[in-house]
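Q: Coordinates only, no sequence provided:
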């Protein structure tokens, strides 16, 4: 698994799809609407709006294709990409299993942070210290990929029965606030939207335990049931155009400070 994440970190500097020097042709629209799977995930998608929806809408406008949206649990999106009932999704982490049934086009870096309740162990400031304290449990989004920095951490906790898997983002944070578990993993675009009052009141602390491991990346993933390699390359080309003309930065900056948004962009190949 470590060698896989090293390979992904290298590939994400450009793309998981083939890169070409010439301008990539526009994608052809399929005969039916493209089904986009969306899931409750803070500023990525909540109550009909968010970065994932914004990205999909921009791609719809640029391609001229018809899109339809399905809001569903994350684990069902992966099953849908495998079966062909879902064609596309966003803010996705690349894993070996997912690359079997979907193409990936990375577009932004995502840095998971450790979010802890104020009443969690005050002397716990590392993955090893968290694991060593039997009174601490982790809340985890089902079908969520923790990324290279935290994958082994989650596996170790799961092996000793200290992970609580939750399907829904709102429920995950409600359980965290209620004290069902003491910590969770999330990027700022997510936890800041659910815990605004708690952060302001000092009821949570946020720490970065990822160093020196690489950060993960959010990708657009396209199901192989609908998209050929060439079709996926063309859709990836639209996303590259959005990065080149500043649209991607503008969309991310709706949900993050401008300087933070700039650091989130995956560099052009």
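A: Nice, thanks for sending it over. None of these values were measured; they are calculated from a predicted model. Numbering: from 1, shown residues only.
Q: what lines up beside the helix or strand hosting residue 89 in the sheet?
A: Using DSSP states H and E, residue 89 sits within strand 88-92. Strands that pair with strand 88-92, judged by DSSP bridges, come out as strand 34-38 (parallel), strand 216-223 (antiparallel).
Q: Show me where the stretch 1-150 of the chain has its strands.
A: Using DSSP state E, counting those that start in this stretch, the strands assigned to the stretch 1-150 of the chain run over residues 34-38, 67-71, 88-92, 102-110, 113-117, 138-141.
Q: Out of the ones you listed, which is the most enclosed?
A: strand 88-92 (a mean of 27; mean count of other C-beta atoms under 10 Å). Placement of C-beta: from N, CA and C, glycine included.
Q: Let me know the angle separating that one from strand 102-110.
A: Put simply, strand 88-92 runs at 40 degrees to strand 102-110, going by axes from the mean of the first three to the mean of the last three C-alpha atoms, to 10 degrees.
Q: looking at the strands paired with strand 88-92, which one has the lowest mean pLDDT?
A: Among the strands paired with strand 88-92, strand 216-223 has the lowest mean pLDDT, at a mean of 94.
Q: Residue 76: neighbour count?
A: By the criterion of other C-beta atoms under 10 Å, residue 76 has 16 neighbours.
Q: Likewise for residue 191?
A: Neighbours around residue 191, by other C-beta under 10 Å: 24.
Q: how about it, what does it touch?
A: 42, 113, 115, 173, 184, 206 (C-beta atoms under 8 Å, 6 or more residues apart in numbering).
Q: excluding its backbone neighbours, what's nearest the fourth one?
A: Spatially, and ignoring its direct neighbours in sequence, residue 173 is nearest to residue 194 (4.0 Å; C-beta to C-beta, 6 or more residues apart in numbering).
Q: For the one you found, list the residues it contacts.
A: 42, 169-170, 173.
Q: Please convert the strands paired with strand 88-92 to a markdown table, extending it with distance to residue 250.
A: As requested, those are exported to a markdown table (distance: least, C-beta to C-beta, whole Å):
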| stretch | distance to residue 250 |
| --- | --- |
| strand 34-38 | 20 |
| strand 216-223 | 16 |
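Q: so which of those strands comes closest to residue 97?
A: strand 216-223 (11.8 Å; C-beta to C-beta).
Q: contacts for the closest one?
A: Contacts for strand 216-223 (C-beta under 8 Å, 6+ apart): 8, 12, 16, 55, 80-82, 84, 86-94, 98, 101-112, 145, 147-149, 231-232, 235-236, 239, 266.
Q: just checking, next helix/strand downstream of that strand?
A: That would be, after strand 216-223 and using DSSP H and E, helix 229-244.
Q: Name the surrounding residues that touch that following helix.
A: Helix 229-244 has contacts (C-beta under 8 Å, 6+ apart) with 15, 17-18, 20, 23-28, 55, 58-59, 62-63, 88, 103, 105, 107, 220, 222, 227, 247-249, 251, 265-266, 268-269.
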